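Enquirer: Predicted model follows, preceded by the sequence.
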Amino acid sequence: MNWQIALPEIALAVMAMMILVYGVLRKAEQAQTATMMAVGALLVTGFLVMTRAGGAGFHDQFVVDAFSALVDGLILVSSAFTLIVSLDYNQREGISRFEFPVLILFATVGMMGMVSASNLITLYLSLELLSLPSYVVAAFDRDDLRSTEAGLKYFVLGALASGLLLYGISLVYGFSGSMDFATIGRVLSAPGSASPGMIVGVVFVIVGLAFKVSAAPFHMWTPDVYEGSPSPVTLFFASAPKVAAVGLFLRTLSEPFGHLLGSWRLIIEIISIASMILGTLGAIGQTNIKRLMAYSAIGHIGYALIGLAVGGPIGIRGVLVYMTVYIIMTAGTFACIIAMRRRGIAVERIEDLGGLASTDPALALAFAVFMFSLAGIPPLSGFFAKLYVFLAAVNAGMWTIAIIGVLTSVAGAFYYIHVVKVMYFDSPRAAFDRKSAGVTFVATVTGLYTLLFFVFPGPFVAAANAAAAALFG
Amino acid sequence: MNTLGFPILSLVTWLPLVGCVVILSVRGDEATVAANARWTALWTSLIVLALSLVLWVEWNPHEAGFQFVEQVKWLPGYEVSYKMGVDGISVLFVLLTTVLTPICILASWESITKYVREYMIAFLILETMLVGLFCALDFVVFYIFFEGVLIPMYLIIGVWGGPRRVYAAFKFFLFTLTGSVLMLLALLAMWSYAHTTDIPTLMHTSFPPHMQTWLFLALLASFAVKVPMWPVHTWLPDAHVEAPTAGSVMLAGVLLKMGAYGFLRFSVPMLPLASVQLAPLIFTISVVAVIYTAYVALAQTDMKKLVAYSSVAHMGVVTIGIFTFNVQGIQGALFLMLSHGIVSSALFLIIGVIYDRLHTREISRYGGLADRMPAYALVFMVFVMASVGLPGTSGFVGEFLVTIGALHINFWLAILGTMGLILGPMYTLYLYRRVVFGRLTKIDLRGMLDLSPREIAVFAPLVVLTIWMGAYPTSFTRFWDATVTSMVQQHQQATAVPPGPEPVMLAQAVRP
């Protein structure tokens, strides 16, 4: 029994419980301290993740490889960003409670489990460990109508998705006789083993996961949840769970169901094309920046899924490079959105950004970098993300999806540069309140990463390469 | 590393960004920051110009291939490296960019008053992108610079432009982006076929004929927008009219050359069969551009719009020259591009001079300026004559060579293509007459001051270059003689022998 394999997860869970106990015992205002402790816990976990050796444990229900290392790293970074920007935001909004960092930590444990799952039960339990805290943090501003609505909507639709996933899992179990990824993969490698019932099960699993990554046509919850949740929570939803769910998606479809590529490729293609088109069209005409980002997230998942539709190490590498780039720039964008606050009130309309270039040049510059990067304009990091997935598609001769992809990215550029236009071309409005140190920190780090990615793409691409190779090892 | 022992091209490319960092690090009140930004930008661009003159001095005119080549591994494992180098086709465009940038900065010294710091940064970034574009010897690197140009130019038009700047900026951005992403698909297709994005290797890769046609069309979509060719030229007049003077200068001077450069660097050498096959299409739309836009220019009441349409007409002659595939035609196209880069930039600056004084570009608001502004009238005339291709000015050499090149192909093509030589003087001289000659009757023109020393400093180098290019073109043609000759030979070889069923790729042949 090689329990040390899960040491980072166990350590993180224990530290989260300790912070919980600390928060309960201390009667005074202790949310800030708890948040700082949580960031420390994430750092410790990050260190443990970096130093742990690969392998499998818990009767092969839990694996550690280059893939899990990369995705775990991204998850930890995103969670840390969430906590850092929440420090000031929660205080100003009057929702500063110690439960927030604890919930984020528990969700992080769940996400790390998802990435390492190599058994359908581990997969489902980890996903639920992520989902339950997520529902709570979405409704964290409990006196705010929109926030509670977001929480409820997320809960109902999330529960539906979990149900579909569980139903799919039961079918897969029924037709393959195993919960273990490797065993399922072995069963399916035999010719003629893909019975219709099995295929139905896989389709349900895909639908359940598509809900979690907010791919069209299972995206309905995204705009409302993004808009209603407190902004740090939106940052969280847009980054960590997304990369974890994509990671889970990649591992599930590559390892146990890899032999069924021919069967599920068309579904992923349709989901990808639908997401790109819907995300692009939906975003045009949005006036709320958080809703805009929600549709943008749908579109970007569409691009990332191109790589999954291609399959194989090259396609998976494309997805991983995409996520490595995407979640960092999206976290930066939300940090900028959190800085949008006038006389103590958070503002969210795009026109509120009017003339930001003259009232706060640094924030406007960061925002513009993220927008151009989301639009995929080189030399910013967003271009490289698109480059790798489109390269994978062209290599596989999948021209339809590549052409639709580049055309929607032009249409998408319209609303990103519209935001730049509002900031740079429009006449100035009243200045925003002073940015908190946490927001400045996150926006600077992510901004520099986005801006300078082209100088050092090597290590990130190499990590994605190693991770993709691990899935096909 | 190259023969000089130091990476000259990278220095010229990236040095402007150092200037940006310096400008960004200045603190103080608005006036200090603005003055500092102006001087830093000017000195940076002058140092870059001085460095780029090393290329002029150290150039080896007998070498047909790439010179000053430098290469660093960039994307590991994907055969993509950061590779820079110039040949006869690109070297003078690098110099054109480095000459025009300080002139642009000097020209906006007084006319730009808001966001001065950001303005100067945008121009320096633009310089980096443009120089990098002409130096890039890797398709991915080229693409990054090619599309990266969009960001500074979008901001230059949108922030410092005229009343309809938002419309013009969006139109510019979306038109060019649509073309670029189709080029991206072509790039990816070539990448996955040849397993490399190294431009010299791709030039010797023979792509299958049916693939060439598609690649050519995808590249055409991108380059035609940039050239701009009729009928996708409509973004240009809007962008020119709304952009600030210096923005128009960069747009006309260098950005318009990106498309034609793309044809010469990618379409013609890499896709020779498709180029021959689709040359009639290019000739047709070029001839339409030459004749149609000349008439459109004649009807304009806005000076900038008139020059913008004349650019489309001139670039039509350039594309005719490129697709003649003979030495005269391509040399003429290159010369015309260079000449147009200087002359149309100068014309926009000329318009900027009186726009700064009267804040209008309506032709009817002017007249009889020769009375009050004799020096201005003289400078204006030099560029008008160069624009219409008067022998002895830079414009003549290019048009003449293209006509000879076109005559080798088809008599009617030459006749229709040279219609530009007849129609050009029509609208250009008409413009000159209405603005400069006649009696000075309008009261607000009486107080117009002649060129200031700063403006003379702006125009002097351009006048010298125009006359020099017209009087002794060999100084410039020597740069590309060898390159163009070998390019034409290669093209003839590639199109004379039909490729076998399984073309051998150099990319595979040279790989260890």
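Expert: Nice, I can see it.
Enquirer: Report the contact partners of the residue of the stretch 51-200 of chain A found nearest chain B.
Expert: Using C-beta to the nearest C-beta, the single residue of the stretch 51-200 of chain A nearest to chain B is residue A:66, 15.1 Å away. Every residue, glycine included, has its C-beta placed from N, CA and C. By C-beta atoms under 8 Å, 6 or more residues apart in numbering or on different chains, the contact set of residue A:66 is A:54, A:463, A:466, A:467, A:469, A:470.
Enquirer: Most neighbours among those residues, which one is it?
Expert: Highest neighbour count within those, by other C-beta atoms under 10 Å in any protein chain shown: residue A:467, with 25 neighbours.
Enquirer: re earlier: least confident pick among the contacts of residue A:66?
Expert: Of all the contacts of residue A:66, residue A:54 carries the smallest pLDDT score, 81.
Enquirer: check contacts around the residue of the stretch 1-150 of chain B found nearest chain A.
Expert: Closest residue of the stretch 1-150 of chain B to chain A, C-beta to the nearest C-beta: residue B:144 (3.9 Å). By C-beta under 8 Å, 6+ apart, the contact set of residue B:144 is A:378, A:379, A:383, A:454, B:132, B:136.
Enquirer: Just the ones of those in helices?
Expert: Of those, the ones assigned to helices by DSSP state H are A:383, B:132.
Enquirer: Serialize the contacts of residue B:144 to a markdown table and add fields for pLDDT, distance to residue B:355 and neighbour count.
Expert: Shown next, in a markdown table, are the contacts of residue B:144 (pLDDT from 0 to 100; distance: C-beta to C-beta, whole Å; neighbours: other C-beta atoms under 10 Å in any protein chain shown):
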| residue | pLDDT | distance to residue B:355 | neighbour count |
| --- | --- | --- | --- |
| A:378 | 86 | 34 | 27 |
| A:379 | 87 | 34 | 22 |
| A:383 | 90 | 36 | 25 |
| A:454 | 87 | 38 | 19 |
| B:132 | 92 | 31 | 26 |
| B:136 | 90 | 35 | 25 |
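Enquirer: any idea which of the contacts of residue B:144 is closest to residue A:325?
Expert: The closest of those to residue A:325 turns out to be residue A:383 (C-beta to C-beta; 8.9 Å).
Enquirer: list the contacts for that closest one?
Expert: Counted by C-beta under 8 Å, 6+ apart, residue A:383 has contacts A:373, A:376, A:377, A:454, B:144, B:147.
Enquirer: State the number of residues packed around the second one.
Expert: Using other C-beta under 10 Å, residue A:376 has 29 other residues around it.
Enquirer: any idea how far residue B:398 is from it?
Expert: 37 Å (C-beta to C-beta, to the nearest Å).
Enquirer: thinking again about what came up before, arrange the contacts of residue A:66 in JSON lines, one row each, with distance to chain B as further columns.
Expert: What follows is these, written out as JSON lines (distance: C-beta to the nearest C-beta, whole Å):
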{"residue": "A:54", "distance to chain B": "21"}
{"residue": "A:463", "distance to chain B": "11"}
{"residue": "A:466", "distance to chain B": "11"}
{"residue": "A:467", "distance to chain B": "14"}
{"residue": "A:469", "distance to chain B": "11"}
{"residue": "A:470", "distance to chain B": "16"}
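Enquirer: Pull the most distant pair out of these.
Expert: Spatial extent of the contacts of residue A:66 (C-beta to C-beta) is set by the pair A:54 and A:463 at 14.0 Å.
Enquirer: pLDDT wise, what is the closest residue to residue B:95 other than its chain neighbours at?
Expert: Of all residues not flanking residue B:95 in the chain, residue B:52 sits nearest, at 5.6 Å (C-beta to C-beta, 6 or more residues apart in numbering or on different chains). As predicted, residue B:52 sits at a pLDDT of 88.
Enquirer: next one: residue A:102
Expert: 92.
Enquirer: what's the neighbour count on it?
Expert: Neighbours of residue A:102 (other C-beta under 10 Å): 26.
Enquirer: do the one 5 residues further on as well
Expert: Other residues near residue A:107 come to 26 when the count uses other C-beta under 10 Å.
Enquirer: Please pull up the helix or strand immediately following the helix or strand containing it.
Expert: Here residue A:107 sits within helix A:99-116, counting by DSSP states H and E. Counting by DSSP H and E, the element after helix A:99-116 in chain order, helix or strand, is helix A:120-138.
Enquirer: Please compute how far that following helix lies from its chain's middle.
Expert: Helix A:120-138 has its C-alpha centroid displaced from the chain centroid by 14 Å (C-alpha atoms, centre = their mean, to the nearest Å).
Enquirer: which of the contacts of residue A:383 lies closest to residue A:102?
Expert: residue A:373 (32.8 Å).
Enquirer: picking that back up, tell me the SS of the residue of the stretch 1-150 of chain B closest to chain A?
Expert: Assigned with DSSP: H, G, I helix; E, B strand; the rest coil, residue B:144 falls in the helix class.
Enquirer: Distance check, the residue of the stretch 51-200 of chain A closest to chain B against residue B:371.
Expert: Going from residue A:66 to residue B:371 by C-beta to C-beta gives 78 Å.
Enquirer: same deal with residue A:313?
Expert: Counting by C-beta to C-beta, the gap from residue A:313 to residue B:371 is 75 Å.
Enquirer: Settle it for me: which of these two has more neighbours?
Expert: residue A:313 (19 against 16).
Enquirer: does that one really touch residue A:467, like I thought?
Expert: No - using C-beta atoms under 8 Å, residue A:313 makes no contact with residue A:467, being 9.7 Å away.
Enquirer: returning to that earlier point: can you redo the contacts of residue B:144 as JSON lines with distance to residue B:445?
Expert: Listed next are the contacts of residue B:144 as JSON lines, based on distance: C-beta to C-beta, whole Å:
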{"residue": "A:378", "distance to residue B:445": "47"}
{"residue": "A:379", "distance to residue B:445": "47"}
{"residue": "A:383", "distance to residue B:445": "50"}
{"residue": "A:454", "distance to residue B:445": "51"}
{"residue": "B:132", "distance to residue B:445": "44"}
{"residue": "B:136", "distance to residue B:445": "47"}
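Enquirer: Which of the contacts of residue B:144 sits closest to residue A:228?
Expert: Within the contacts of residue B:144, proximity to residue A:228 (C-beta to C-beta) peaks at residue A:383, which comes in at 31.9 Å.
Enquirer: just checking, what packs against the helix or strand where residue A:20 lies?
Expert: Assessed by DSSP H and E, residue A:20 sits inside helix A:7-25. Packing partners of helix A:7-25 (3 or more C-beta pairs under 8 Å, 6 or more residues apart in numbering or on different chains; DSSP states H and E): helix A:31-51, helix A:99-116.
Enquirer: List the buried residues for it?
Expert: For helix A:7-25, the neighbour count (16 or more other C-beta atoms under 10 Å in any protein chain shown) marks A:7, A:8, A:9, A:11, A:12, A:13, A:15, A:16, A:19, A:20, A:23 as buried.
Enquirer: What parts of the stretch 151-300 of chain B come near chain A?
Expert: Within reach of chain A by C-beta under 8 Å from any C-beta of the partner chain, the stretch 151-300 of chain B has these residues: B:151, B:154-155, B:158-159, B:165-166, B:169-170, B:173-174, B:177-178, B:181-182, B:184-185, B:188-189, B:191-192.
Enquirer: what do you get if the cut-off is 10 Å, keeping everything else the same?
Expert: Contacts of the stretch 151-300 of chain B with chain A, taken as C-beta under 10 Å from any C-beta of the partner chain, map to B:151, B:154-155, B:157-161, B:165-166, B:169-170, B:173-193, B:195, B:214, B:218.
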